[in-house]
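> Turn this into a structure:
(2 chains)
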Amino acid sequence: MADSDFLAGLKALQAAGVEFIVVGGLAAVLNGAPVQTYDLDVVHARNDENIAKLVCALESLDAIYRMQPARRLRPNASHLSSAGHHNLIASCGPLDVLGAIGTGLSYEDLLPHTTEMEIGSGARVRVLNLAKIITLKEELAGEKDLAVLPLLRRTLKEKERAAENPNCV
Amino acid sequence: MPEEDLPPQPEYSEDGVDLSLIRWMLSLTPAERLVFLQRQINAILKIRRLNGG
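Below you'll find the model as predicted:
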């Protein structure tokens, strides 16, 4: 089984020039929430140029669909142009490439709710803000989403408190 | 024991969230948070493998 290597996955996407937003559990962690996650979730821009770059990046990561891995089915441009979710396994571990999330929110819809973050080795990525992650989880309201909400809400409160009192973190 | 010698008491929110853990995470940079998560996952996967999981 491929171990998770978030930085390698993110750097491969970035090196290929893919426009994407980190969402899900990793976005929560990067925003400071003490949660755990094993997969890398990204929402990509679904224009032709970006999808071509994404296909190259996913090839470099040897990404195949996690379901029925024996078929070694690779995501192609046609698959990735949909709003669907592509649950892949790659050399960097589980990688979920999402055309849209929540109530059909695309890359462009999410972009105003993101922050660019330095994540190490000079890599910078766009990350969904904690407030938007919370809104999405409230809308989804699945058991897994509801379970993590108190932690996310409290992290957001603490972030806001720290921003108001920068010497008290 | 004088009060100043006592260790600080843990601080939880009313819904049971460990605030010291959140504050510690917030004291890290995003890059440091990523390293921390990666180390945790690597450790968990190693333990799972050692136990045949």
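
> May I see the buried residues of stretch A:126-135?
By 16 or more other Cβ atoms under 10 Å in any protein chain shown, the buried positions in stretch A:126-135 come out as A:126-130, A:132-134. C-betas here are computed from N, CA, C, even on glycine.

> Which helix or strand contains the residue lying closest to A:G17 once chain neighbours are set aside?
Excluding its sequence neighbours, the residue lying closest to A:G17 (Cβ to Cβ, 6 or more residues apart in numbering or on different chains) is A:K53, at 5.1 Å. In this assignment (DSSP states H and E), A:K53 forms part of helix A:48-60.

> same deal with A:H86?
A:H86 belongs to strand A:85-90 when elements are defined using DSSP H and E.

> Averaged pLDDT, the helix holding A:K53. What do you get?
The pLDDT scores in helix A:48-60 average 98.

> Quick one: residues in contact with it.
Defining contact as Cβ atoms under 8 Å, 6 or more residues apart in numbering or on different chains, one finds that helix A:48-60 is touched by A:12-13, A:15-20, A:44, A:74-77, A:80-81, A:88, A:90, A:95, A:97.

> Kindly provide the distance from the residue nearest to the spatial centre of chain B to B:L28.
Closest residue to the average C-alpha location of chain B: B:L21 at 5.1 Å, with Cα atoms, centre = their mean. B:L21 sits 11 Å away from B:L28, going by Cβ to Cβ, to the nearest Å.

> picking that back up, can I get the buried ones among the contacts of helix A:48-60 as something I can paste into PyMOL?
Only the buried entries of those go into this PyMOL selection, using 16+ other Cβ under 10 Å:
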select buried, chain A and resi 12+13+16+18+19+20+44+75+80+81+88+90+95+97
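
> Return the subset of the contacts of helix A:48-60 lying in strands.
Of the contacts of helix A:48-60, the ones assigned to strands by DSSP state E are A:20, A:44, A:88, A:90, A:95, A:97.

> What is the nearest of those residues to A:Y38?
Closest approach between these and A:Y38, by Cβ to Cβ: A:L95, at 10.8 Å.

> so who does the spatially closest residue to that closest one that is not a sequence neighbour touch?
Distances taken as Cβ to Cβ, 6+ apart place A:L88 nearest to A:L95, at 4.6 Å, with adjacent residues excluded. Counting by Cβ under 8 Å, 6+ apart, A:L88 touches A:58, A:63-66, A:75, A:94-97.

> Give me the below-cutoff pLDDT ranges for chain A.
A:1-3, A:167-169 (pLDDT under 70).

> need the residues of it near chain B, please.
A:3-7, A:26, A:29-34, A:36-38, A:117-120, A:127, A:150-151, A:154-155, A:158-159, A:162, A:169 (Cβ under 8 Å from any Cβ of the partner chain).
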